[in-house]
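In: Sequence isn't available, so here's the structure alone:
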């Protein structure tokens, strides 16, 4: 029996976004008007995160605030550590990530769309 030909997802639009533009054939990956390589070389992780979340690179005060938010939310809660310790090491990584995200952002914390900035900071 002949196997069917698989062409992948070429020319399939998964979602419309104003945040990024990707063209793999041309080697183009752009976030909010900045080439991904430029962001990686010239800007910090926090600056790039603020750009993605807020639509612009942060000024000094916004960057300080963003770093403080990350520092506050960086610690694992005892509950999350217990959950992660209980997941078998052989479990698929994405399953572990999904479990952790579900624990970090309880349903009563908001399930609307789009997600709130505080949820994005917490997950990150």
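Out: Cool, the structure landed. Predicted, not measured: the structure shown is a model, and the values here were computed from it.
In: Which helix or which strand is home to residue 15?
Out: Using DSSP states H and E, residue 15 sits in no helix or strand.
In: I'd assumed residue 79 was in contact with residue 104.
Out: No. Between residue 104 and residue 79 there is no contact under Cβ atoms under 8 Å: 9.9 Å. C-beta coordinates here come from the backbone N, C-alpha and C atoms, glycine included.
In: Looking at those two, which one has more neighbours?
Out: Counting neighbours by other Cβ atoms under 10 Å for residue 104 and for residue 79 shows that residue 104 has the greater number, 18 against 10.
In: Provide a list of residues in contact with that one.
Out: By Cβ atoms under 8 Å, 6 or more residues apart in numbering, residue 104 lies in contact with 80, 122, 123.
In: low-scoring stretches of the chain, by residue?
Out: Scanning the chain for pLDDT under 70 picks out 1-11, 13, 106-115.
In: all strands of this structure, in order?
Out: Shown for the chain, the strands assigned by DSSP state E span residues 20-23, 28-31, 34-35.
In: could you show me where the helices are in this protein, in order?
Out: 36-42, 45-54, 60-73, 78-86, 93-104, 117-123 (DSSP state H).
In: Can you say which of those helices is nearest to residue 17?
Out: helix 45-54 (10.6 Å; Cβ to Cβ).
In: Next, the buried residues of that closest one.
Out: 46, 47, 48, 49, 50, 51, 53 (16 or more other Cβ atoms under 10 Å).
In: Could you do stretch 90-106 as well?
Out: Taking 16+ other Cβ under 10 Å as the criterion, stretch 90-106 shows 99, 100, 104, 105 as buried.
In: Present those as TSV; the columns should include distance to residue 39.
Out: Shown next, in TSV, are the buried residues of stretch 90-106 (distance: Cβ to Cβ, whole Å):
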residue	distance to residue 39
99	30
100	25
104	25
105	26
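In: Looking at the residues you listed, which is nearest residue 116?
Out: Nearest to residue 116 among the buried residues of stretch 90-106: residue 105, at 9.2 Å, using Cβ to Cβ.
In: what about the closest residue to the closest one other than its chain neighbours, distance to residue 53?
Out: Once flanking residues are discounted, residue 105 sits nearest to residue 119: 5.1 Å by Cβ to Cβ, 6 or more residues apart in numbering. Distance, residue 119 to residue 53, by Cβ to Cβ, to the nearest Å: 11 Å.
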